[in-house]
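# can you look at this prediction? I've put the sequence above it.
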Amino acid sequence: MTNRQLALENIDRIDHLVYTPLERRYLRVRLVGTVLTYVGLMVLPFLIFLADDFKGQDMLVICAESLLAIAAFVNLLLLPKACTYKGFAIREHDITYRSGIIFPSVTTVPFCKIQQVSIRQNPVSRLFGLYSVAVVNGAQLMTETAIPGLTRERAEEIKAFLIERVGNESK
């Protein structure tokens, strides 16, 4: 093993990576999940009516519903841009996942730090036949990086590749 000094100009930068986009159906998954979440949240202010009558009860419910409606509208407007920004890149020694348009996040997990790889599916993504690959990184207090919006074939392909690379990196 060597430990040569590298010139910063010669190092591949993460912001120059070509990211593989998620499936287009993932936008539908996010839209359905967001709508269900906001519908559930919009039911909550009506529980105030079950409480004893107090002054301003109607105004409180109207304000809460208005704020939730505005938040839902903004969220639904930003979802398409957020979904197209998300992506992943696999390099020689690591995997990188990019997400977030307001608060961008790029997570890179070296293969030698991966402790577990699993394929998951939530009820909404199951409706659209999409999966996510969850990568547990032992280097950062057992944090998990999940790459959503993948077909079953792609998810299994990534999982198999990562497991193979983890085995090769540890040798």
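Thanks, I have the structure now.

# any idea how far the closest residue to Leu31 other than its chain neighbours lies from Arg98?
In this structure, Leu31 finds its nearest non-sequential neighbour in Leu79, 6.1 Å apart by CB to CB, 6 or more residues apart in numbering. Where you see a C-beta, it was placed from the backbone N, CA and C, and this is true even at glycine. Going from Leu79 to Arg98 by CB to CB, to the nearest Å gives 16 Å.

# likewise Gly138?
22 Å.

# what does Tyr131 give?
Distance of Tyr131 to Arg98, given as CB to CB: 19 Å.

# now swap in Glu164 and tell me
23 Å.

# who has more neighbours, the two?
Higher neighbour count among Glu164 and Arg98: Arg98, with 18 against 11, using other CB atoms under 10 Å.

# name the nearest residue to the more buried one, sequence neighbours excluded.
Val106 (5.0 Å).

# give me the number of residues near the one you found?
Neighbours of Val106 (other CB under 10 Å): 14.

# pretty sure it is in a helix, no?
No. Val106: not assigned to a helix; according to DSSP: H, G, I helix; E, B strand; the rest coil it is strand.

# what sits against it?
Val106 is in contact with Ile14, Asp15, Thr96, Tyr97, Arg98, counting by CB atoms under 8 Å, 6 or more residues apart in numbering.
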